[in-house]
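A.B. asks: Fold the following, please.
(chains A and B)
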Amino acid sequence: MTVVALDPSRGLALCAGEDGRSSVETALVEPVVLGDRLLVHAGTAIAHLGVS
Amino acid sequence: MRYVDEFRDPELGRAVSAEILSLVEPGRHYKVMEVCGGHTHSIYKYGVDDLLPANVELVHGPGCPVCVIPMGRVDDGIAVAQQEGVIFTCFGDMMRVPGSEGSLLEAKARGADIRMVYSPLDALRIAKQNPDREVVFFAIGFETTAPSTALTLKRARAEGVSNFSCMCSHVTIVPPLRALLESPDLRLDGFIGPGHVATVVGARPFEFIPAAYGKPVVVAGFEPLDILQSVAMILRQLRDGRCAVENQYKRVVPYEGNLRALEVMAEVFELRPHFEWRGLGFISHSGLRLSDAYAELDTERRFAVPGVRVADPKACQCGEVLKGVIKPWECKVFGTACTPERPIGTCMVSSEGACAAYYNFGRFAREREVV
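C.D. replies: Reported below is the predicted structural model:
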């Protein structure tokens, strides 16, 4: 999924993917910036895939 | 799309297929287990096994999170869901897994407040929206999803959400692999390692397989070319008389895993002495529960959970499918009494289940050219 908005105070990112948009926990892959591609499982990013 | 298109290129697929053909020894039969249900799904969806010579057999392993949940655990979930004031939340696939007296979906139809969520964060959100109700999250999955549950429990504590708890049914991948390797039923030549579990735990935990059992392991991605290349890497090791853990999925999997994820899991969870697996029985140190430090968020300490043990239906052969002893189509009820619409066994429920994947994609082309 691709990061489209960040909420650093809550440790969340709004991410867009094939199935739409959802809130994603980013604590395991910080730091995260807009445009980052993340591997997301069950609402949590577990790996960075680079920048789109 | 980056990371997708280049891994689905038919020309490259045919080239790797030709390489595989050059690596096999005529007259020898190779059995390679893909551990993860995600691989099983991709193999059937993209017809990967049609690109392999007939003497290279892919055997499906126990890595589908929904498939390994025993009937008794479903019954336990329903028992909690039916308690007064409870909102029971779980992933969509889990709602269709049959228990001894029906599924969570059927319990919902009978009046229990059972809701599908996409993540534990969704369940926590429901808890915050319903402070007068007890919200339970039925946590399933391997090390891939366990960090998500752990982070949500930490968040629940930090935000003071006291009406939220977790019925932890997370499992770990190494103990069942060890059990399979000790099983006399199965002779395997190598393993396609679970790429997403390895994203969290790294490739190192699989080193016992070559070290103690002399079998190669290649941690692999989930696109068709990933799987084909991992088969080629395993066959190359076998041809060269080597066995080691190799990482085909380097674009995602660090050899040491995600250290932050491992840290948060170690804080929130501890190993159970044993945990029951569908078809595999009780396996020592294979399941996770909440640590004492998180006792107040543990459903099993807050509610009466019956701890039901239920034998699998006699007609269902999910156990043999999960162990790779039989193929989905060799099960007595496959495609007749057991279909994705009306599953008897767990392997027919999830898209990662071998039976569902084969039913949806693979049953149309099984014959292959013999080398």
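A.B. asks: Look up how far residue B:101 lies from the residue lying closest to residue B:306 once chain neighbours are set aside.
C.D. replies: Closest residue in space to residue B:306, ignoring its immediate chain neighbours: residue B:79 at 5.2 Å, by CB to CB, 6 or more residues apart in numbering or on different chains. C-betas here are computed from N, CA, C, even on glycine. According to CB to CB, to the nearest Å, residue B:79 and residue B:101 sit 10 Å apart.
A.B. asks: between the two, which one's more packed in?
C.D. replies: Using other CB atoms under 10 Å in any protein chain shown as the criterion, residue B:79 and residue B:101 rank with residue B:79 on top: 17 against 12.
A.B. asks: Show me what the one helix or strand the more buried one maps to is packed against.
C.D. replies: Counting by DSSP states H and E, the element that carries residue B:79 is helix B:71-81. Judged by 3 or more CB pairs under 8 Å, 6 or more residues apart in numbering or on different chains; DSSP states H and E, the packing partners of helix B:71-81 are strand B:86-90, helix B:104-109, strand B:134-141, strand B:164-170.
A.B. asks: can you tell which of those is closest to residue B:297?
C.D. replies: strand B:164-170 (5.2 Å; CB to CB).
A.B. asks: mean confidence for the closest one?
C.D. replies: The pLDDT scores in strand B:164-170 average 98.
A.B. asks: what's the answer for stretch B:56-72, then?
C.D. replies: 90.
A.B. asks: roughly how far apart are residue B:339 and residue B:193?
C.D. replies: According to CB to CB, residue B:339 and residue B:193 sit 31 Å apart.
A.B. asks: These two: which has the busier surroundings?
C.D. replies: A count of neighbours by other CB under 10 Å puts residue B:193 above the other of residue B:339 and residue B:193, at 32 against 15.
A.B. asks: and the helix or strand in which that one is found, what does it pack onto?
C.D. replies: Element membership of residue B:193 [criterion: DSSP H and E] is strand B:190-194. Contacts defined by 3+ CB pairs under 8 Å, 6+ apart place strand B:190-194 against strand B:30-36, helix B:37-45, strand B:56-63, strand B:217-220, helix B:224-240.
A.B. asks: Serialize the ones you listed to a markdown table and add fields for distance to chain A and mean neighbour count.
C.D. replies: Shown next, in a markdown table, are the helices and strands packed on strand B:190-194 (distance: least, CB to the nearest CB, whole Å; neighbours: other CB atoms under 10 Å in any protein chain shown):
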| stretch | distance to chain A | mean neighbour count |
| --- | --- | --- |
| strand B:30-36 | 12 | 25 |
| helix B:37-45 | 10 | 25 |
| strand B:56-63 | 14 | 25 |
| strand B:217-220 | 13 | 30 |
| helix B:224-240 | 14 | 22 |
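A.B. asks: To residue A:22, which of these lies closest?
C.D. replies: helix B:37-45 (19.4 Å).
A.B. asks: residues in contact with the closest one?
C.D. replies: B:34, B:48-49, B:58, B:60-61, B:63-65, B:67, B:192, B:194-196, B:220, B:222-224, B:227, B:350-354, B:357-358, B:360-362 (CB atoms under 8 Å, 6 or more residues apart in numbering or on different chains).
A.B. asks: Just the angle for it relative to strand B:190-194, thanks.
C.D. replies: 110 degrees (axes from the mean of the first three to the mean of the last three CA atoms, to 10 degrees).
A.B. asks: Could you give the separation of helix B:37-45 from the chain centroid?
C.D. replies: Relative to its chain's centre, helix B:37-45 lies at 12 Å (CA atoms, centre = their mean, to the nearest Å).
A.B. asks: Can you name the residue of the stretch 1-150 of chain B nearest to chain A?
C.D. replies: Nearest to chain A, among the residues of the stretch 1-150 of chain B, is residue B:119, at 2.5 Å (CB to the nearest CB).
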